[in-house]
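# give me a model of this one.
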Amino acid sequence: MLDLAIIGGGPAGLTAGLYATRGGLKDVTMFEMGMPGGQITGSSEIENYPGQGEIMSGMDLMQNWPEQCQKFGLKHEMSQVSRVTKNGNIFTVTTSDGKTQEAKSVLLATGSVPRKAGFKGENEFFGRGISTCATCDGFFYKNKEVALVGGGDSALEEAIYLSKICSKVYLVHRRDTYRAAPSTIEHMKACENIEEVTNVTVEEVFGDASGVTGLKVKSKESGEIRDLAVPGVFVFVGRDVLNEPLKQEDGSFLCDLDEQGQVIVDLKMKTSVPGLYAAGDVRIDAAKQVVCAAGDGATAAVNIIEYLG
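Down below sits the predicted model:
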């Protein structure tokens, strides 16, 4: 039986594995279908990880993490977890091939993925001018004009953030009203360099070999096409939380989630179910940064050791 089953091999899962094994847990397995490292391995440029001396790719940033964790005894099983159940004090982890393993504790660190907006050119230019992280990539557009697609709280907050870096932010939204808190809307409208481009559909993002050069939008009222000449487009139309392993046979979930499907945790990364923890982007109020996910993983592991004590 495992002391700890970690589901997900990104920064949160890897850090939890490091702290758990180094902290004395003997049987710790991390379930990760692909190469450990997480979504950040797909980023071409990172320069905001503490202690980092130069700009590097996500792959370069994460390359030493798995080896460091495995040195202390973390096992990596290349399997996708389809379901986690609990009977008494014991969890059962079922993988997609139908195999099961029992564990005394479980950490869910599966993360979340940005929801696609679905416009033409989105896939082609992703990572070459299209971004889903203003904190990560906003600096590369310092004193330049950018467009941001979305109308929820996250979109408006990111537009406000970008307005402090960029010369101008076009806030592109399909409606003429926003699904955001009144205070956030008021704050956004107070930013002089944010231009609202509302009640439009995004027709396409276009560019050349060097990346994005513009965004084409169409008015829902007049049908007029407008080209926004920008080198960067940020997309914030929501995220899909990867909480599938928690879904039970009857359609309920193993622990409490919020309306967006994010796992509700306390400051110790505990869920509503004893022995079940969540860390990183899958939990509520996650900052969606590598350093924060790693901190979550360490916090969870320290508290799991105490739980198993």
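
# ok, the closest residue to residue 256 other than its chain neighbours to residue 97 distance?
Excluding its sequence neighbours, the residue lying closest to residue 256 (CB to CB, 6 or more residues apart in numbering) is residue 272, at 4.1 Å. Where you see a C-beta, it was placed from the backbone N, CA and C, and this is true even at glycine. Applying CB to CB, to the nearest Å, the value for residue 272 to residue 97 is 29 Å.

# so which strand or helix has residue 227?
strand 225-228 (DSSP states H and E).

# name the helices or strands packed onto that strand?
Taking 3 or more CB pairs under 8 Å, 6 or more residues apart in numbering; DSSP states H and E as the contact definition, the neighbouring helices and strands of strand 225-228 are strand 211-219.

# parallel or antiparallel, list what pairs with the strand it packs on.
Taking DSSP bridges as the criterion, strand 211-219 pairs within the sheet with strand 200-208 (antiparallel), strand 225-228 (antiparallel).

# avg pLDDT for the last one?
The one in question is strand 225-228. Regarding strand 225-228, the rounded mean pLDDT is 97.

# one more: the longest one?
Per-residue pLDDT values across strand 200-208 average out to 97.

# beta-bridge partners for residue 219, please?
Residues in a beta bridge with residue 219, per DSSP bridges, are residue 200.

# quick thing: my sequence starts at 46, can you match it?
All set: I'll call the first residue 46, so the last point we hit is now residue 264.

# quick one: contacts for it?
Residues counted as contacts of residue 264 (CB atoms under 8 Å, 6 or more residues apart in numbering) are 244-245, 270-271.

# distance of residue 165 from residue 54?
For residue 165 relative to residue 54 (CB to CB), the value is 33 Å.

# who's more crowded, those two?
Between residue 165 and residue 54, counting by other CB atoms under 10 Å, residue 54 is the more crowded of the two (29 against 12).

# what's the closest non-adjacent residue to the more buried one?
With CB to CB, 6+ apart as the criterion, residue 54 has its nearest non-adjacent residue at 2.8 Å, and that residue is residue 77.

# surely that neighbour and residue 56 touch.
No. Using CB atoms under 8 Å, residue 77 and residue 56 do not qualify as a contacting pair, with a distance of 12.0 Å.

# of those two, which one has the most company?
residue 56 (31 against 26).

# biggest helix in the chain by residues?
Longest helix in the chain, counting residues (DSSP state H): helix 335-353.

# in it, what's buried?
Burial within helix 335-353, assessed by neighbour count using 16 or more other CB atoms under 10 Å, is assigned to 335, 337-350, 352.

# check stretch 252-271 too.
Within stretch 252-271, the residues that count as buried by 16+ other CB under 10 Å are 252, 257, 259-262.

# which one of residue 317 and residue 142 has more residues nearby?
Set side by side, residue 317 and residue 142 show more neighbours around residue 317, with 14 against 8, by other CB under 10 Å.

# pretty sure that one sits in a helix.
No. With the criterion set as DSSP: H, G, I helix; E, B strand; the rest coil, the secondary structure at residue 317 is coil rather than a helix.

# if I pick it, what's in contact with it?
Neighbours of residue 317 in contact, by CB under 8 Å, 6+ apart: 300-301, 309.

# top of those by neighbour count?
Note: the member of those with the most neighbours is residue 300, at 19 neighbours, neighbours being other CB under 10 Å.

# what about it, distance to residue 66?
Relative to residue 66, and taking CB to CB, residue 300 is found at 24 Å.

# check residue 183 too.
Note on residue 183: its distance to residue 66, by CB to CB, is 36 Å.

# how much space between residue 120 and residue 295?
Residue 120 sits at a distance of 31 Å from residue 295 (criterion: CB to CB).

# who's more crowded, the two?
residue 120 (15 against 5).

# over to the nearest residue to residue 346 once chain neighbours are set aside: give its phi and psi.
Distances taken as CB to CB, 6+ apart place residue 64 nearest to residue 346, at 3.6 Å, with adjacent residues excluded. Phi and psi for residue 64, reported as degrees, to the nearest 10, are phi -70, psi -40.

# let's see the pLDDT reported for residue 64.
The model reports residue 64 with a pLDDT of 98.

# ok, residue 244 - how many residues close by?
15.

# mind checking the SS state of the residue nearest to residue 288 when sequence neighbours are not counted?
Leaving out its chain neighbours, the residue that sits closest to residue 288 by CB to CB, 6+ apart is residue 306, at 5.2 Å. Secondary structure assignment for residue 306 (three-state DSSP): coil.

# thanks a lot, see you next time.
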